[in-house]
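Chemist: what follows is a predicted structure for the sequence shown.
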Amino acid sequence: MACKFGELLAGLEEDRRASVQTLLERRAEPAEIIAVAGVQIYRGTVRQHRDRLCRCVSHVSAATPGPEEAAVPKPRLPIPKDWQPRAEYGADGGYVVTSPRTGTEDPEPESLFAEFPDVDPSRWLIKDVRRSKWQNAQGEWLTSFRAAFVPKQRGADATDVDELLRVVERYSDAPKPDAPAPGTGAYLVPAGDLQLGKVDGGGTSGIIERFCEKTLTAAARYRELRDAGQVSGVVVLPWLGDCLEGSVSQNGRTMARQDLGPSEQLRIYRRLMLFQIETFAPECGELIIPVVPGNHDETTRVQDTHGTDSWAVEGAAAVADALKLAPQAFGHVRFVFPQRGEMSLTVDVAGTRLGFVHGHQFTNRDGAEKWLSGQAMGRNPIGDADLLISAHWHHFRALEFGAGRTWFQVPALDGGSDWFRQKTGASAPAGMLSLRVLDGAWSELTRH
């Protein structure tokens, strides 16, 4: 007994029946088969006949049994549609699907790229591997692998954090200055946006060299002012946040363009802070280290946490703990942190109220005046600052407003941003500021 399509096929003239039979052997789509046959029939019926799943096959098998007919296997798709071999990727990563292979052992990760010569395995890090198994028409089990990958951290194989730390040690070997002389006024050296781990502009190695050189230059300037009687033995070294590139910005996408991991960035950050303290501590009678958190310093954005849950605060707290072990050399060093949940702080020195904040609280790069006005209206301590000092926007800026108030936006110490330069054509030179404050006023502003 034939199926409905088999009956229609038997009634076709010989030439048309041969054409239809050719299409059936080629496993053409039912719509094409129906068009050539010139009949009206449900495509599912044609598909059943094409795949030898209809009554025509069962009738023949029952009528003329034999080993050859009985051995005809149920046809199976050679390769599942979603597992066809291919490679799809862009600058942020992608995936490859390998050709089917036999065997049960897991392949080496590098071998998954072997059949795709355009995909350079040295550039990519495999983050996930999935497998698919199926039987072919001969009953043999085949396996394909789908490997998703992301860019490797640039220079991750070449960057040695201990070698970078030795750069700091080289600067630490500089001769120590004489004891401080008396004077008036306090000396400030604010720093922000080192973004350790960022690869642009020489990477972390360039940031370390830049920070150490400018710290030594600022220390030499302090000695000049101190010996001239213009500043006292009070030195303030504010750290204004984003000193680590971190792992939270842009949902973690910046990690693909970092030459150090977050824990290594934190280690360099602590060592640079120690270097700066070791440089200034022998020269002054009181050394104050204010520390505020930035947006890159956040520990996580999976859940909202309080503002001081920050790697910048944690790294500085670790340095503060270490200095307690050497009170004779560092007993005059004092750290100042925001209260839990706060993201700004104030310090009063030399008759001047200093306000420190990272700057990502401003609505835009022109928003400092409006933000400070709101803090004054809310009677927050920083709202009464004589000097507001911030970072975040990566370029130097100074603005006077209100009754003798001044805002300084410090330049960044990173190597710039290739993305921002290519998008806007603009770039901001790296730098470090120093200045003298006394009785609510500032002077001797220097860019190093």
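Modeler: That came through fine.

Chemist: report the separation between residue 94 and residue 368.
Modeler: Counting by C-beta to C-beta, to the nearest Å, the separation of residue 94 from residue 368 is 42 Å. Bear in mind the C-beta positions are built from the backbone N, C-alpha and C, glycine included.

Chemist: can you tell me the centre-most residue of this protein?
Modeler: For the chain, the residue nearest the mean C-alpha position is residue 254 (2.4 Å; C-alpha atoms, centre = their mean).

Chemist: what's near enough to touch it?
Modeler: 198, 245-247 (C-beta atoms under 8 Å, 6 or more residues apart in numbering).

Chemist: now do 7 Å
Modeler: By C-beta atoms under 7 Å, 6 or more residues apart in numbering, residue 254 lies in contact with residue 245.

Chemist: pLDDT score for it?
Modeler: On pLDDT, residue 254 comes in at 71.

Chemist: kindly report the same for the one 3 residues further on.
Modeler: The predicted structure scores residue 257 at 72 on the pLDDT scale.

Chemist: count of neighbours near the residue lying closest to it once chain neighbours are set aside?
Modeler: The shortest distance from residue 257 to any residue other than its chain neighbours is 5.4 Å, reached at residue 199 (C-beta to C-beta, 6 or more residues apart in numbering). The burial count assigned to residue 199 is 22, neighbours taken as other C-beta atoms under 10 Å.

Chemist: residue 11 versus residue 199, what's the distance?
Modeler: Separation of residue 199 from residue 11 (C-beta to C-beta) stands at 74 Å.

Chemist: and what of residue 56?
Modeler: 14 Å.

Chemist: who's more crowded, those two?
Modeler: Neighbour count, other C-beta under 10 Å: between residue 56 and residue 11, residue 56 has more, with 20 against 9.

Chemist: my read: that one touches residue 5, true?
Modeler: No - if you go by C-beta atoms under 7 Å, residue 56 and residue 5 don't touch, sitting 8.3 Å apart.

Chemist: for the stretch 1-150 of the chain, what spans make up the strands?
Modeler: 86-90, 93-97, 124-135, 141-151 (DSSP state E, counting those that start in this stretch).

Chemist: possible to save the ones you listed as TSV with mean neighbour count and mean pLDDT?
Modeler: Below are these laid out as TSV (neighbours: other C-beta atoms under 10 Å; pLDDT from 0 to 100):
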stretch	mean neighbour count	mean pLDDT
strand 86-90	12	85
strand 93-97	19	87
strand 124-135	14	84
strand 141-151	18	86
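
Chemist: which of these sits closest to residue 116?
Modeler: Counting by C-beta to C-beta, residue 116 lies closest to strand 86-90 out of these; the figure is 4.6 Å.

Chemist: can you give the contact residues for the closest one?
Modeler: Residues outside strand 86-90 that contact it (C-beta under 7 Å, 6+ apart): 94-97, 116, 119.

Chemist: the stretch 251-400 of the chain: helices as residue ranges?
Modeler: Applying DSSP state H, counting those that start in this stretch to the stretch 251-400 of the chain gives helices spanning 262-280, 311-323, 327-330, 368-377.

Chemist: what distance separates stretch 345-358 from the centre of its chain?
Modeler: 32 Å (C-alpha atoms, centre = their mean, to the nearest Å).

Chemist: per-domain residue ranges of the chain.
Modeler: Recorded structural domains for the chain (assignment: automatic domain parsing) are 4-70, 81-151, 161-447.
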